[in-house]
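**Student:** I'll drop the sequence and a predicted model, then ask my questions.
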Amino acid sequence: MKRLNFNIKDRKMLYGVLAIVLVCVFTLTIAYAALNAVLTIQGSAQVTSADWDVHLANPKVTSGSATTTVPSITSGKTLSFSTTLNMPGDFYEFTVDVVNNGSIDAMIDSVIKEPTLTESQAKYLNYTIEYQTGESINTKQLVSTNSFVRFKVRLEFRKDI
């Protein structure tokens, strides 16, 4: 049997190749283990029914208003009123609640003020819808479950005419 004789340069190269092979085998072993690992996720969820019940309620005419006719609510979503303003300074004002009796929170997306005043009517009348506190209505106003937001509607014959 013949014995192989390596010089120092060949040994360094052999050790380097051997180290690279060992690193590759080690890396492949870890990659194989990671790819074959069984991941088990367990959990449960319960879905309950959601009730949507947002409506207008409790219209109340403010004292001192020109007429005492209470606004009417149609289908819980539309409020109608009629009034006659005879003299400058006369006004018709009422409050109404936006009630959320549903099981999920609601958000006021917009308030549609119809009819809008024509240019000739706007010379004589001010028509506003705001929160009862006098703040302007913001879109994206949250109405939590089992709560309400109160609006104030005011139609006024301008005094400064």
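**Tutor:** Ah, there it is.
**Student:** C-alpha only now, for contacts and for neighbours.
**Tutor:** Noted.
**Student:** any idea how many residues pack against Gly43?
**Tutor:** 4 (other Cα atoms under 10 Å).
**Student:** need the three-state assignment for it.
**Tutor:** coil (DSSP: H, G, I helix; E, B strand; the rest coil).
**Student:** so Leu79: helix, strand or coil?
**Tutor:** Note that with three-state DSSP, the state of Leu79 is strand.
**Student:** confidence score at the nearest residue to it once chain neighbours are set aside?
**Tutor:** Nearest residue to Leu79, sequence neighbours excluded (Cα to Cα, 6 or more residues apart in numbering): Ile73, at 4.4 Å. Looking at Ile73, its pLDDT is 89.
**Student:** Gly134 too?
**Tutor:** On pLDDT, Gly134 comes in at 82.
**Student:** so which strand or helix has the nearest residue to it once chain neighbours are set aside?
**Tutor:** Of all residues not flanking Gly134 in the chain, Lys152 sits nearest, at 7.8 Å (Cα to Cα, 6+ apart). Applying DSSP states H and E as the criterion places Lys152 in strand 147-157.
**Student:** contacts for stretch 63-79 next, please.
**Tutor:** 54-57, 59-61, 80-85, 90-93 (Cα atoms under 8 Å, 6 or more residues apart in numbering).
**Student:** mind redoing it with 6 Å?
**Tutor:** 55-56, 80-81, 90-93 (Cα atoms under 6 Å, 6 or more residues apart in numbering).
**Student:** buried sites along stretch 127-135?
**Tutor:** By neighbour count on 16 or more other Cα atoms under 10 Å, the buried set for stretch 127-135 is 127, 129-132.
**Student:** so, low pLDDT: which residues of this structure?
**Tutor:** The model of the chain has pLDDT under 70 over residues 1-6, 8, 68.
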